[in-house]
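Student: Give me a model of this one.
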Amino acid sequence: MAGKEHASGPHLHTVRVRFADCDQAGHANTVAYMAYLEAAREEMLFATGMLKPTVDARELPIITAKVWIEYLGETFYGDELEIRTRVARLGTKSFELDHEVVRAGEEDVLTRGGCVLIRYDYGNKASTPLTGEEREGLGRYA
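Tutor: The predicted structure is shown next:
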């Protein structure tokens, strides 16, 4: 589902829990949440201009250093979820994102997560400073 772009504040992405995402208890499986957060993160990074379509992963300017997730509530098949992604920290060569997952139209946080991403040059196998344009794009979601 489409995300919404805001001038400032969290990036919003919605997703509906699919039947294939559910475990035998009928809950969205823990693995599905990682995919939901990745989709929200990717959409936000496209909105900043940091990511562009490519078929060569070595052209991507980032590498993941850390991901985490905390499950606080249950979600089920058919639930429409809103993922709020915000830049929690913006460093020289890296940045941290925080995610909150809520049912659309509600405020109770069902899942929290986050990640640390590093600006990376795969050819030189080294971290590189974020560009001014990247910092500005990421700053819209701080």
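Student: May I see the buried residues of the longest helix along the chain?
Tutor: Ranked by residue count under DSSP state H, the longest helix found in the chain is helix 30-48. Using 16 or more other CB atoms under 10 Å as the test for burial, helix 30-48 gives Ala32, Tyr33, Tyr36, Leu37, Ala40, Arg41, Glu43, Met44, Leu45, Ala47, Thr48. C-beta: built from backbone N, CA, C; applies to glycine.
Student: who's in contact with that helix?
Tutor: In this structure, residues lying in contact with helix 30-48 by CB atoms under 8 Å, 6 or more residues apart in numbering are 3, 5, 11, 13, 15, 17-18, 21-22, 51-52, 62, 67, 69, 71, 81, 83, 85, 97, 99, 101, 111, 113, 115, 134, 137-138, 140-141.
Student: Show me what the mean pLDDT comes to for it.
Tutor: For helix 30-48, the mean per-residue pLDDT is 95.
Student: Return that helix as CSV; C-alpha atoms alone will do.
Tutor: Taking Å, rounded to 0.1, in the frame of the first residue of the first chain, the C-alpha atoms of helix 30-48 are listed here in CSV:
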residue,chain,number,x,y,z
THR,A,30,7.2,-12.4,13.7
VAL,A,31,9.0,-12.8,10.4
ALA,A,32,6.2,-10.8,8.7
TYR,A,33,6.9,-7.8,10.8
MET,A,34,10.5,-7.6,9.6
ALA,A,35,9.2,-7.5,6.0
TYR,A,36,6.7,-4.8,7.0
LEU,A,37,9.4,-2.6,8.5
GLU,A,38,11.7,-3.2,5.6
ALA,A,39,9.0,-2.1,3.1
ALA,A,40,8.3,1.0,5.2
ARG,A,41,12.0,1.8,5.5
GLU,A,42,12.6,1.3,1.8
GLU,A,43,9.6,3.5,0.8
MET,A,44,10.9,6.3,3.1
LEU,A,45,14.4,6.1,1.6
PHE,A,46,13.0,6.3,-1.9
ALA,A,47,11.0,9.4,-0.8
THR,A,48,14.3,11.0,0.5
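Student: Mind giving me the packing neighbours of the following helix or strand past it?
Tutor: Following helix 30-48 in sequence order, the next helix or strand is strand 62-71 (DSSP states H and E). Under the contact definition 3 or more CB pairs under 8 Å, 6 or more residues apart in numbering; DSSP states H and E, strand 62-71 sits against helix 30-48, strand 109-121.
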